[in-house]
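Engineer: Give the three-dimensional model of this entry:
(one chain, ligands or ions: 2)
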Amino acid sequence: MSKPAVQRRIRVHAPPPGVEEYDVLVGSGLLDELPRHVAAAVTAADRFAIITPEPVGELFGERVLAAFGVAGLNAALLTFPDGEVHKTRQAWAALTDRMLELGFGRRSCVIAMGGGVAGDVGGFVAATYMRGVPVVQVPTTLLAMIDAAVGGKTGVDTPAGKNLVGAFHPPRLVVMDPLSLESLPHDGIRAGLAEAVKHGALFDAAYLDWIAANGAALVDGRPDLLEHLIARSVQLKAAVVAADPFDQAGRAVLNFGHTVGHALEHATGYSLPHGFAVSIGMVVEAVAGELMGVTEPGTAARIRLVLAGLGLPTAPPLESASRWDELAATMRRDKKAKAGVVHCALPAAPGAVLPTAGGDWTHAVPENLLRDAVQHASPGSELV
Ligand SMILES: NC(=O)c1ccc[n+]([C@@H]2O[C@H](COP(=O)([O-])OP(=O)(O)OC[C@H]3O[C@@H](n4cnc5c(N)ncnc54)[C@H](O)[C@@H]3O)[C@@H](O)[C@H]2O)c1
Ligand SMILES: [Zn+2]
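Structural biologist: Ligands and ions are numbered 1, 2, ... in the order given. Model prediction:
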C-alpha cells in the first residue's frame, strides 16, 4: 500500500455554539486522496459540486473527477471564468442556477477548488444553496492555503467594493496538497510568502528566521519546505480564528500591512498583486509603529530584509508620496478605521503583538506619521 499523503493534520477549534471544528490536512499527493477524506468528513452528502475557475479545472478537474468516480461518489465539475473580476454575484447566480439545473438537492456538498477567489465564490454558493450546504475547501494557490481557506469567510465583490456581500461559512474540511503549487509562477509563490512573513512578524520570530533562511528554496517551490510553511502558517492563523471566529476583535491583528496594502492596491487599480502590496504595507506600517513607539526599533528593518530576500517589493511605488491624499482617503474608508481615524495592526517586536492599553488589537495611527513612514520606507532612507 502506498504511503498515506496526510503529513499534518491541524484542528481548527471554534468554540462558540453553532460553529463546528474542522481539520486542515496538509500533504503532498493529497489531491488524489480527496474523495476518501471528503467522504469521511461529510458523511451525509450524496452529491458533490466541484466549483473551480476554468484554468484550475483544466489543471486538476479531470483527475479529481476521476478520483471521485473511482471512489463511487457522484460528482460534477462546475467551472466559472477566472479572476477577481469574476468574484461576483453574477458568478454566484450562474453557479447556483447550474446546480439547480443539475438537480443538486439539500444533501449536496460543494468542493471549492482553486485560489482565494474559488474559495470565496464556492464558499458563498455553499453558504446560500438551499439555505446552506457543507463546503470543503481545496486551495491551490499558496495565498489561499495560508490565508483564505481557513477562517470561514466567504463572499463576492460588488461595484461598491471588495467582499461586500458574503457570509461566514466555515468549511467541514480543508485539504492542501503542496504538489498542486508546482504550476504556480514564482510571483504567485512570493505573493503567498508575504502572508507567511506576516504570521512570523506577528507571532513567531523563529518562524520569520526560518523563512529568511529558506527563502530561495521556498520561492523555487520545494514541496517539503512549502509543506512546513503551510502547516505553521495555518496553525498560527487557526489559533487567531479560534479565538475570534466572527472577526469581531483579535482577528484584526491579521491585518498587519493591510491598511497601507489595500490603499496601494486601490491606488494602482489592483495592478499590484495583493501579496506585493501587503509586503510594502508591512514595512510602512512597521516604520509607523516605530515612530509611534508601539513597535520596537529595528523591527521594520528586520521584516524588510526577510521580504527583500524573497524578492518581494518593500518600498512604496515612487508616486505614493505625491498621491498621499488619495492613499489617506482610502485608509480612512478602511474597515478598521474608527470615525475616520486610520487604524493599523502593528507588531510590538518581531514575533510579538500586544493589544493597546484599551484592549484593542489595532492602533490609531496619525496620518502625518504614516506619511512620514511612506517616505522613510522609500529607497535611500536610513531608517530601513
Ligand atoms: N476568505 C478569506 O478569508 C480570504 C483571505 C485572503 C484572501 N481572500 C481572497 O482571495 C483572493 C485572492 O486569492 P489568490 O491570490 O489565490 O487569487 P486567485 O484565486 O485569483 O488565483 C490567482 C490565479 O492563480 C490561478 N491558479 C490557482 N491555482 C493554481 C495552480 N495550482 N497553478 C497555477 N495557477 C493557479 C487562478 O486560476 C488565478 O488565475 C482575493 O479575492 C481575496 O479577497 C479571501
Ligand atoms: Zn492578505
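Engineer: only C-alpha atoms for contact and neighbour calcs from this point on.
Structural biologist: OK.
Engineer: Residues of the chain that sit close to ligand 1?
Structural biologist: Residues of the chain that fall close to ligand 1, judged by CA under 6 Å from any ligand atom: 53, 55-56, 82-84, 114-118, 120, 140-141, 143-144, 147-148, 151, 153-154, 180-181, 183-184.
Engineer: Just the ones of those in helices?
Structural biologist: Members of the residues of the chain next to ligand 1 lying in helices (criterion: DSSP state H): 55-56, 116-118, 120, 143.
Engineer: Buried among those residues? Need that as a selection in PyMOL.
Structural biologist: Per 16 or more other CA atoms under 10 Å, the buried members of those correspond to this PyMOL selection:
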select buried, resi 56+116+117+118+120+143
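Engineer: State which helix of this structure is the longest.
Structural biologist: Under DSSP H, the chain gives helix 223-243 as its longest helix.
Engineer: Format the CA atom coordinates belonging to that helix as PDB.
Structural biologist: This file holds the C-alpha atoms of helix 223-243, laid out as PDB (Å, rounded to 0.1, in the frame of the first residue of the first chain):
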ATOM      1  CA  PRO A 223       7.400  20.800  -1.600                       C
ATOM      2  CA  ASP A 224       8.800  19.700   1.800                       C
ATOM      3  CA  LEU A 225       9.600  23.300   2.800                       C
ATOM      4  CA  LEU A 226       6.300  24.500   1.500                       C
ATOM      5  CA  GLU A 227       4.500  21.800   3.500                       C
ATOM      6  CA  HIS A 228       6.200  23.000   6.700                       C
ATOM      7  CA  LEU A 229       5.500  26.600   5.800                       C
ATOM      8  CA  ILE A 230       1.800  26.000   5.100                       C
ATOM      9  CA  ALA A 231       1.300  23.900   8.300                       C
ATOM     10  CA  ARG A 232       3.000  26.500  10.500                       C
ATOM     11  CA  SER A 233       1.100  29.400   9.000                       C
ATOM     12  CA  VAL A 234      -2.200  27.500   9.200                       C
ATOM     13  CA  GLN A 235      -1.500  26.700  12.900                       C
ATOM     14  CA  LEU A 236      -0.800  30.400  13.600                       C
ATOM     15  CA  LYS A 237      -3.900  31.600  11.700                       C
ATOM     16  CA  ALA A 238      -6.100  28.900  13.200                       C
ATOM     17  CA  ALA A 239      -5.300  30.000  16.700                       C
ATOM     18  CA  VAL A 240      -6.400  33.500  16.000                       C
ATOM     19  CA  VAL A 241      -9.500  32.400  14.200                       C
ATOM     20  CA  ALA A 242     -10.500  30.100  17.000                       C
ATOM     21  CA  ALA A 243     -10.300  33.000  19.500                       C
END
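Engineer: Not counting its own residues, what contacts that helix?
Structural biologist: 8, 10, 12-15, 26-28, 142, 145-147, 150-151, 178-179, 196, 199, 203, 211, 214, 217-218, 247, 250-251 (CA atoms under 8 Å, 6 or more residues apart in numbering).
Engineer: Val278 looks like it's in a helix, true?
Structural biologist: Yes: according to DSSP: H, G, I helix; E, B strand; the rest coil, Val278 belongs to a helix.
Engineer: I figured it hits His262, correct?
Structural biologist: Yes: contact status for Val278 versus His262: in contact at 7.5 Å, counting by CA atoms under 8 Å.
Engineer: Which one's more surrounded, those two?
Structural biologist: For Val278 versus His262, neighbours defined as other CA atoms under 10 Å are more numerous around Val278 (31 against 22).
Engineer: buried subset of the contacts of helix 223-243?
Structural biologist: For those, buried by 16+ other CA under 10 Å: 8, 10, 12-14, 26-28, 142, 145-147, 150-151, 178-179, 196, 199, 203, 211, 218, 250-251.
Engineer: residue ranges for the helices of the stretch 151-300 of the chain, please.
Structural biologist: With DSSP state H, counting those that start in this stretch as the criterion, the stretch 151-300 of the chain has helices at 186-203, 205-213, 215-219, 223-243, 258-267, 274-292, 299-309.
Engineer: Name the residues of the last one that are buried.
Structural biologist: By neighbour count with 16+ other CA under 10 Å, helix 299-309 contains the buried residues 299-307, 309.
Engineer: Who are the packing partners of whichever helix or strand comes after it?
Structural biologist: Counting by DSSP states H and E, the element after helix 299-309 in chain order, helix or strand, is helix 324-333. Judged by 3 or more CA pairs under 8 Å, 6 or more residues apart in numbering; DSSP states H and E, the packing partners of helix 324-333 are helix 258-267.
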